[in-house]
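Enquirer: Quick one: sequence plus predicted model below, questions after.
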Amino acid sequence: MYMKKKKQKKENKKLTKKQIIILIVVTIVLGSLCYIIATEITKSIIDHKTMEEKRKNEDFSDLTEPDTINNMTLEEFINNYNEISNDDISLDGINDNKIVINDIEIEFDLNDNNINIISIKFNKKKQAKELINDIIIANNTNITEETTTLIYDRVFETLGNTEDETTKTSEFFQYQGLEFSLKEFKDNNYKYSFRVGRIIE
């Protein structure tokens with residue numbers, strides 16, 4: 001009999017006000033955390049799907065569009081470049097067809113003072129982006145900054161298209177008489193070399 005009464009007392013024991021408040025606070029905190037986590041996960045999934053859809057719908061066909069361009073002398077290029085860039089280049093500053101700007105080496109491959117290829121050698125991806133954009137536009141002033149950004153990103157995305165023991169190379173893209181590619185070196189003074197070639201008739 002005594003054991004039964006003790007059990008009954010235990011079962012009928014009510015929660016104190018303090019315990020009720022603690023339970024309410026814990027419930028609110030856990031509920032808020034669950035809501036925040038669920039919202040973030042949902043947002044992340046939606047953002048990922050949106051980006052995937054955007055990538056699928058982007059038209060990169062223009063980047064492989066075959067086209068040619070007229071010759072451009074080194075002096076003409078420098079004049080175009082200096083009009084759009086914060087970094088001025090002078091003919092006197094170019095030695096052995098090379099110039100260094102902010103730790104980035106620009107090398108000109110010339111044919112009778114006309115530009116064939118410009119190679120931009122650098123170590124940090126973000127550091128070189130603006131300079132490369134300016135070099136592309138100076139080669140063809142009809143190309144917009146939006147397009148140069150797309151080209152730059154696509155070239156990096158395809159890095160490793162071909163690979164050997166010492167280098168990785170991107171796909172080659174052609175657009176409005178220019179050709180673009182990127183090479184990554186495993187052991188070199190410069191990690192990357194971005195190539196802008198002129199496609200002459």
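Expert: That came through fine.
Enquirer: which residue ends up closest to the midpoint of the chain in space?
Expert: residue 153 (4.9 Å; Cα atoms, centre = their mean).
Enquirer: Okay, buried residues for the helix or strand hosting that one please.
Expert: Using DSSP states H and E, residue 153 sits in helix 145-157. Across helix 145-157, burial judged by 16 or more other Cβ atoms under 10 Å covers 147, 148, 150, 151, 152, 154, 155, 156. The way it works is simple: take the backbone N, C-alpha and C, and place the C-beta from them, glycine included.
Enquirer: Can you get me a residue count around residue 39?
Expert: 10 (other Cβ atoms under 10 Å).
Enquirer: typed the wrong thing, it's residue 71
Expert: Counted with other Cβ under 10 Å, residue 71 comes out at 14.
Enquirer: Excluding sequence neighbours, find me the nearest residue to it.
Expert: residue 114 (4.4 Å; Cβ to Cβ, 6 or more residues apart in numbering).
Enquirer: Who are the contact partners of that neighbour?
Expert: For residue 114, the contact set (Cβ atoms under 8 Å, 6 or more residues apart in numbering) comprises 71, 72, 73, 74, 200.
Enquirer: try it again with 10 Å
Expert: 70, 71, 72, 73, 74, 76, 77, 198, 200 (Cβ atoms under 10 Å, 6 or more residues apart in numbering).
Enquirer: I figured the third one hits residue 140, correct?
Expert: Read it as residue 72. Yes: shown here, residue 72 and residue 140 form a contact pair, counting by Cβ atoms under 10 Å, at 8.8 Å.
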